[in-house]
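Asker: Starting from these lines, generate the structure:
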Amino acid sequence: MNDDMDLLYRLLLLDFTAILVTANPMMFNATLSVIGYFGSQNWQNMVVGNANASWIDAFEECRSLGYSIATASSTGNKFLHLRNFLFLHHPEFINVPLWTGMLKPNLDDAWYLRDQCDKTVNENVKNTYVNNTVGDRQCLLINMSVNAVRMAYTWYASSCFEHHPFICEQTIGSRPVDSYEDMQLQHIDSDTSVTISSNTTVEDCKRKLEVVSNVFTAEYNSTSKQCTSYTRYAIDLPIEVNLTVFSEDNTTISFVKSAENIVDVIQMSNVGYTDNYQITDLPCYGYGETTETTIVPDSTGYDYDILTETTTAPTPSLGDYYYDTLTETTTDPTPSLGVSSFGGPTETAIFPTSSAAVTIVTTTSTLDSSSSLNQWISIAKEENIVNEKTLSSYRNKRVSAYDSRPSSQAMGVLGAVFIAAVVSLIVMSDLPNIIRDLRRDLHERKSNKTKRTLHDVLFYKTKPPCTRRSSV
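Answerer: Numbering: from 1, shown residues only. The predicted model follows:
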């Protein structure tokens, strides 16, 4: 009974204090602790599919769930935050790469976002993709071997037919933002960056908080028309924000993000995932028109076979990633007298279109006799030889990424101190010998100089005469 009365007394006292603070906030040093979160304006639900799938399977799996395979802006902050979440709560994904929605389906080095063929990644960003090889068709993975503070050079390109887990995303609305009148951030540490913008409005200040993913809180002062925004690294958020009463004239308002992206991990079956895909199945394959001409000498070394491959695709509308026409033309010289011709292989490709119809394209190559056949066999062998040094598995062995974890930094410092101590111990052990030898050498030099001087004084009071050597 006494405990109940004590609890009731505390509640009444708390309500009374709240009323007084509302009536006159400056009577108390009122402090409020809230949580500032990470994220941009679009509030998203992200799903990590824990299954080994090729990029095409991952793309289709996300669509079947009502999601899209995840993409990120140039900084990749969304992936940084997701990776930090997985490192903390799902360590089974450490060292397990994850598919993203960026891909390069053609040979022109253009990277696209999912099936949005009118949106390409700019030059500066794709230069941060490790293993991005001009002339290779590739898709983008997140490196999960290190939890870095920046995404640059920690995502990498690889074959779209490798099998990995993947990330899906879906926008569920606008990110919730709470406002606090007459309150401001109480404490700023060294890891928080502060940006002050002048001549702004309260709407502009709130929008900056919503748009910039790393800004976790912002303050607007109506008197000075200044917006102060506070930024942290993506892996540092969420963070506790302590707000305190600033004034009683309604000049300051603070905005704090009150929710972050929702992350779910779904265990999926690998059943149905196959390798029966072609490059032509990738979204945006053949976008635009590309013509390649290769001149190959024939067996005589004088005549040339001109091989021309032309890929033509209509300009698609947004979201349209199927193309209807693929034409391959092979032209060979007319066989000379005595050289018989034979029918080459016939290839049939089926390409899905935007409609229910299916376009079947058939190409036939006509080649010369055995000399040309041997030549084409050698060319085919050369084109199908795989250089192991170009594989992502080989390159990743030599890729080092920055590790910001204090434990890793401490280990590096400890190693440097240990190496320095070993070297210093070796040098210090020989130092007395070095000093003794130097002193002895100096003493001997002084002794020899003194002996020569006494000898000159005793036997040569004047400068000794010069003697001339007789010539032979």
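
Asker: Check the burial of Cys62 by counting its neighbours.
Answerer: Using other CB atoms under 10 Å, Cys62 has 24 neighbouring residues. C-beta coordinates here come from the backbone N, C-alpha and C atoms, glycine included.

Asker: Look at it and give its secondary structure.
Answerer: Put simply, Cys62 is helix when judged by DSSP: H, G, I helix; E, B strand; the rest coil.

Asker: Check Ser224 too.
Answerer: Taken by three-state DSSP, the conformation at Ser224 corresponds to coil.

Asker: how far away is the residue lying closest to it once chain neighbours are set aside from Asn221?
Answerer: Among residues not flanking Ser224 along the chain, Ser198 sits closest, at 7.7 Å (CB to CB, 6 or more residues apart in numbering). From Ser198 across to Asn221, the span is 10 Å (CB to CB, to the nearest Å).

Asker: Give me the buried positions along stretch 163-175.
Answerer: Using 16 or more other CB atoms under 10 Å as the test for burial, stretch 163-175 gives 163-170, 175.

Asker: Could you do stretch 111-119 as well?
Answerer: Those would be 111-117, for stretch 111-119 by 16+ other CB under 10 Å.

Asker: Next, the distance between the ends of that stretch.
Answerer: 8 Å (CA to CA, to the nearest Å).

Asker: okay, now Val96: neighbour count?
Answerer: Around Val96 there are 16 other residues, counting by other CB under 10 Å.

Asker: what's it in contact with, if anything?
Answerer: By CB atoms under 8 Å, 6 or more residues apart in numbering, the contact list for Val96 reads 144, 164-165.

Asker: Give me the pLDDT value at the closest residue to Arg114 other than its chain neighbours.
Answerer: The shortest distance from Arg114 to any non-neighbouring residue, by CB to CB, 6+ apart, is to Gly101 (4.4 Å). Gly101 is assigned a predicted lDDT (pLDDT) of 96.

Asker: Correct me if wrong: Gly101 contacts Tyr67.
Answerer: No - using CB atoms under 8 Å, Gly101 makes no contact with Tyr67, being 10.5 Å away.

Asker: So for the two, which sits in the more crowded spot?
Answerer: Gly101 (25 against 19).

Asker: if I pick the more buried one, what's in contact with it?
Answerer: 59, 68-71, 113-114, 140.

Asker: Equivalent analysis for Ser74, please.
Answerer: 121-122, 124-125.

Asker: what about stretch 197-213, average pLDDT?
Answerer: Mean pLDDT, stretch 197-213: 94.

Asker: now swap in stretch 107-121 and tell me
Answerer: Mean pLDDT, computed over stretch 107-121, is 91.

Asker: among the buried residues of stretch 163-175, which are in helices?
Answerer: Assigned to helices by DSSP state H, none of those qualify.

Asker: phi, psi of Met428?
Answerer: Recorded main-chain torsions at Met428 are phi -70, psi -30, according to degrees, to the nearest 10.

Asker: Give me the neighbour count for it.
Answerer: Neighbours around Met428, by other CB under 10 Å: 9.

Asker: Give me the distance between it and Ile434.
Answerer: Going from Met428 to Ile434 by CB to CB gives 10 Å.

Asker: Then Leu80?
Answerer: Counting by CB to CB, the gap from Leu80 to Ile434 is 52 Å.

Asker: Mind checking which of these two has more residues around it?
Answerer: Legend: neighbour count by other CB under 10 Å for Leu80 and Ile434, higher for Leu80 (25 against 10).

Asker: What residues sit buried inside stretch 61-68?
Answerer: Buried, per 16+ other CB under 10 Å, within stretch 61-68: 61-62, 67-68.

Asker: what's that stretch in contact with?
Answerer: Against stretch 61-68 from outside (CB under 8 Å, 6+ apart): 45, 47, 49, 51, 53, 69, 101, 114, 166, 168-170, 268.

Asker: In TSV, list the residues you listed along with distance to Tyr230.
Answerer: Shown next, in TSV, are the contacts of stretch 61-68 (distance: CB to CB, whole Å):
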residue	distance to Tyr230
Asn45	26
Val47	30
Gly49	34
Ala51	39
Ala53	40
Ile69	32
Gly101	30
Arg114	33
Phe166	33
Cys168	31
Glu169	26
Gln170	29
Met268	39
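
Asker: What is the lowest-pLDDT residue among those residues?
Answerer: Among those, pLDDT bottoms out at Met268, giving 86.

Asker: and that residue, what does it touch?
Answerer: Under the criterion of CB under 8 Å, 6+ apart, the neighbours of Met268 are 49-51, 61.

Asker: how about 10 Å then?
Answerer: Residues near Met268 by CB atoms under 10 Å, 6 or more residues apart in numbering: 47-53, 61, 65, 165-166.
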